[in-house]
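Novice: Sharing a model that was predicted from the sequence below.
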Amino acid sequence: MLFNPNGTVVKIFVVRYNLSDMPPNCQTFCRQRVFYMPSNANINDECEKELRYLLHLRFQSSKSGRIYLHTDIRMIFARHRPDLESGIATYELRSFTEMPSNPRFSPKK
């Protein structure tokens, strides 16, 4: 959750990930991008879309296999309102979560 100075919730981020196969002494990351885009479009489609939020999480496993968030959490927010033509299509916020695939985990330095 992200709070403003008054203590009110501004935005809630829900990031789904599965690190159950992460070996000990390794690290990886997870990135969630939230786009304002047409509701019937896919992320790979050539359509108008605008990045609204980006969240980057880094994970690390210990010798015993416990998984921790490490270093920092990086967040990017769009400061302007979407300019996209809402009269042509129905737009919505859609989130996409990605992780490295090859290799999925790298050894801890």
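Specialist: It's in.

Novice: Report the beta-bridge partners for Leu51.
Specialist: Taking DSSP bridges as the rule, Leu51 bridges to Phe35.

Novice: what's the answer for Leu55, then?
Specialist: Taking DSSP bridges as the rule, Leu55 bridges to Gln32, Met75.

Novice: residues in contact with it?
Specialist: When contacts are counted by C-beta atoms under 8 Å, 6 or more residues apart in numbering, Leu55 is found next to Phe13, Val15, Arg31, Gln32, Ile73, Arg74, Met75. Glycine gets a C-beta too; all of them are placed from N, C-alpha and C.

Novice: got the contact list for the residue sitting nearest the centre point of the chain?
Specialist: Among the residues of the chain, the one closest to the centroid is Gln32, at 1.3 Å (C-alpha atoms, centre = their mean). The contact partners of Gln32, by C-beta under 8 Å, 6+ apart, come to Phe13, Val15, Tyr53, Leu54, Leu55, Ser95, Phe96, Thr97, Glu98.

Novice: how about 10 Å then?
Specialist: 13-17, 53-57, 75, 95-98 (C-beta atoms under 10 Å, 6 or more residues apart in numbering).

Novice: Buried ones among these?
Specialist: Tyr53, Leu55, Leu57, Ser95 (16 or more other C-beta atoms under 10 Å).
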